[in-house]
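Peer 1: Sequence and computational prediction follow.
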Amino acid sequence: MHLILIGAPGSGKGTQAKRLVTRYGIVHISTGDMLREAVSSGSDLGEVISTYLRAGRLVPDNHVTALVEERVDRGDLPDGFVIDGYPRTCNQIGAFDDLVKKRNRRLDAVVCIDVPDVSVISRMANRRIDPDTGRIYNLNLKADWPSLDIMERLVQRDDDRPSVIQKRLDTYRAETRPVIETYGERGELLEVDGTGSPDEVFDRVILALSTLKAPS
Ligand code: ADP
């Protein structure tokens, strides 16, 4: 299974990607996670990347494509991958097409998770991360609240601050909506309603994937 997950920031791509990994035994490639790792490494490139992330801007195509290439070339993807966060610009589509072709891989589908703006804004503003375990909590969901000691150590992603959220949504509309349209025109897009609980959304993703023909 070779999939791309696409959708607005905060649409739940990371959550669904993790479930797809468990279901299909595939590898999760998240450009956002890889970029944040580059920032934490403290390298010079990490410093440069951090200025883009904190501003809610896209990192230049060549850096992101190089990261995806390195990851795909690590050679531990026998059952495929789910890429979350790439391609995000029309240029990246071309780079990804080349990458897939040169490595004799294929793309089975691009799954787009649709969530209205009001919901993604609220999800991003209420997202907190446990720095010790990496677990993500949504403060809007009382049932999801951790114990008090964990609650005290939760942190917010730099780019989940309200001033940056708006910029990320603008960037998404300008750069990534055209990517979704292109995959739609190519007949490779599966659109899924991303509202409701993660389980409900996952059921819809699996249902959409069940319509794919087996590769010949
Ligand atoms: P989200 O989808 O919620 O914005 P991600 O963790 O996927 O979160 O990405 C965080 C940030 O990383 C983006 O706002 C952008 O700055 C950068 N980024 C991730 N993927 C790409 C990409 N394919 N091209 C350029 N920048 C990217």
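Peer 2: Right, received. Where do you want to start? Residues are numbered from 1 along each chain as shown.

Peer 1: Can you name the residue of the protein nearest the ligand?
Peer 2: Gly32 (1.9 Å; C-beta to the nearest ligand atom). The way it works is simple: take the backbone N, C-alpha and C, and place the C-beta from them, glycine included.

Peer 1: I'd guessed that residue sits against Ile83; true?
Peer 2: No - applying C-beta atoms under 8 Å as the test, Gly32 and Ile83 come out as separate, 11.1 Å apart.

Peer 1: Which one's more surrounded, the two?
Peer 2: Each of Gly32 and Ile83 has its neighbours counted (other C-beta atoms under 10 Å); Ile83 has more, 25 against 19.

Peer 1: per-residue confidence at the residue of the chain closest to the ligand?
Peer 2: On pLDDT, Gly32 comes in at 94.

Peer 1: Also Ala95?
Peer 2: pLDDT at Ala95 comes out at 97.

Peer 1: Next up, the contacts around it.
Peer 2: Applying C-beta atoms under 8 Å, 6 or more residues apart in numbering, we find Ala95 in contact with 61, 65, 87.

Peer 1: Over to Lys13?
Peer 2: Contacts of Lys13 by C-beta under 8 Å, 6+ apart are 5-7, 84-85, 113.

Peer 1: a markdown table for the contacts of Ala95, including neighbour count, secondary structure and pLDDT?
Peer 2: As requested, the contacts of Ala95 are exported to a markdown table (neighbours: other C-beta atoms under 10 Å; DSSP: H, G, I helix; E, B strand; the rest coil; pLDDT from 0 to 100):
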| residue | neighbour count | secondary structure | pLDDT |
| --- | --- | --- | --- |
| Asp61 | 17 | helix | 96 |
| Thr65 | 20 | helix | 96 |
| Pro87 | 27 | coil | 98 |
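
Peer 1: What sits closest to Val64 if chain neighbours are left out?
Peer 2: Spatial nearest neighbour of Val64, excluding adjacent residues (C-beta to C-beta, 6 or more residues apart in numbering): Thr31 at 5.4 Å.

Peer 1: I'd say the one you found and Asp84 touch.
Peer 2: Yes - counting by C-beta under 8 Å, Thr31 does reach Asp84; the two are 7.4 Å apart.

Peer 1: which element is Val48 on?
Peer 2: helix 44-55 (DSSP states H and E).

Peer 1: any bit of that helix sitting next to the ligand?
Peer 2: Yes - counting by C-beta under 6 Å from any ligand atom, the ligand is contacted by helix 44-55 at 52-53.

Peer 1: before we move on, the earlier item: neighbour count: Thr31 and Asp84, which is higher?
Peer 2: Counting neighbours by other C-beta under 10 Å for Thr31 and for Asp84 shows that Asp84 has the greater number, 25 against 22.
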